[in-house]
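1. build me a model:
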Amino acid sequence: MTTLYPQLVLDALVHVRYPGTGKDIVSSGMIQDNIRIDGNKISFSIIFDKVNDPFSKSVVKAAEQAILTYIGEDIDIKGNIGIETKEAPKPKANPVLPDVKNIIAVFSGKGGVGKSTISSNLAISLAKLGYKVGLLDADIHGPSMPKMFGVEDARPVMTEFDGKQMIMPIEKYGVKLLSIGFFVDPENALVWRGSMASNALKQLITDAHWGELDYFVMDLPPGTGDIQLTLVQTLGITGAIVVTTPQDVALADARKGINMFTGDKVNVPVLGLVENMAWFTPAELPENKYYIFGKDGGKRLAEELNVPLLMQIPLVQSIRENGDAGHPAACDENSLSGMQFNELALKVIEKIDYRNQNFDPTTKVEMTR
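-> Numbers count the residues shown, from 1 in each chain. Down below sits the predicted model:
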């Protein structure tokens, strides 16, 4: 048996190159003094510049193969390579909403994939779990939350707090809600330039009395434009949830969104991806699944980009009907759809807790979970 020592490992890893630069991972400083040897077991971490690096999984596989090729096939290396980041992103200070613990941005690359449905049911499920929840309908050109919550005729009032007039959110199903839909004529198109829309949303955030919240869910407009960038750069976003359907056109836009959040200019962690309308099961044939928009497209995208797949949610008629009736599916936690959204909320809580625990500026971030 070959005698193992750190330099032998480094000599093997010289043959692994990082696709982003073409340089080997040893001279690039991606392997530091963290090589551990126990008998024929070798373990270490590869350090990347940013969280959710798109090449992390391929580099880990190449490193495993290099160890087996240049040291020996009997080496225990599979699953022993961790992923860390060179500099952990510092949690952003949140002076805009100082009493809000976590801000979740729900995003889709294109319209029509069910982003608002996911946002509303997630917010209600979080509230049913006992958390203080706020929901901002930031889809400025297509606000749908007033209808989905059955409060289309509601009009928020102004109340004085600490000498300042502030907007009081509408409360229903345990969720504090604000939407531009409360302030505009629903029969007329809202024709605003980007700066006007961004300023209106800032006012709904900063001039509203949200109070203490455990989770503040933002239903973002679809796409990767000025409004989205303004919101995520203004607020200390805890993490983003990307919603897509399995079809290729939706996946292409979802990919752009994930790249926007994980890019250097935004640098917001992606908590995970939700594949909506994953399949259709008719009520009279509960064992059947019909993949109307394609099969497992969101699942494959999540694996490719190394982001968690939070849920695959089927296309269910009652979800649409309940949303249109102002009574989202999550209101009935005993229904099949209600249980699915409850599971989604629990997974989001888990991801946020893990993110908050590991995004310590004094430590490196372990992203292998």
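2. residue nearest the centroid of this protein?
-> By CA atoms, centre = their mean, the chain has its centre lying nearest to residue 241, at 2.5 Å.
3. ok, that residue - contacts?
-> Counting by CB atoms under 8 Å, 6 or more residues apart in numbering, residue 241 touches 104-107, 118, 122, 270-274, 310, 348. From N, CA and C alone the C-beta is placed, and that goes for glycine too.
4. among these, which ones are in helices?
-> Among these, DSSP state H puts 118, 122, 348 in helices.
5. Serialize those residues to CSV and add fields for distance to residue 152, neighbour count and pLDDT.
-> Rendered in CSV, the data for the ones in helices among the contacts of residue 241 read as follows (distance: CB to CB, whole Å; neighbours: other CB atoms under 10 Å; pLDDT from 0 to 100):
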residue, distance to residue 152, neighbour count, pLDDT
118, 20, 23, 93
122, 21, 27, 95
348, 27, 26, 93
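6. turn the buried ones among the contacts of residue 241 into a named ChimeraX selection, would you?
-> Buried members of these, defined by 16 or more other CB atoms under 10 Å, are picked up in ChimeraX with:
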select :104,105,106,107,118,122,270,271,272,273,274,310,348
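7. okay, how far is it across stretch 8-18, tip to tip?
-> Length of stretch 8-18, first residue to last, CA to CA, to the nearest Å: 20 Å.
8. what ranges do the helices span in the stretch 151-300 of the chain?
-> Along the stretch 151-300 of the chain, counting by DSSP state H, counting those that start in this stretch, helices occupy 194-206, 226-234, 248-262, 297-305.
9. which of the residues in the least confident helix or strand in the chain by mean pLDDT are buried?
-> None of the helices or strands of the chain scores lower by mean pLDDT, DSSP states H and E than helix 226-234, at a mean of 71. Residues of helix 226-234 classed as buried by neighbour count (16+ other CB under 10 Å): 227-228, 230-232, 234.
10. show me what it is packed up against.
-> In terms of contacts (3 or more CB pairs under 8 Å, 6 or more residues apart in numbering; DSSP states H and E), helix 226-234 is packed against strand 100-107, helix 194-206, helix 248-262.
11. give me that answer again for 6 Å
-> On a contact count with 3 or more CB pairs under 6 Å, 6 or more residues apart in numbering; DSSP states H and E, helix 226-234 meets helix 194-206.
12. no further questions, thank you.
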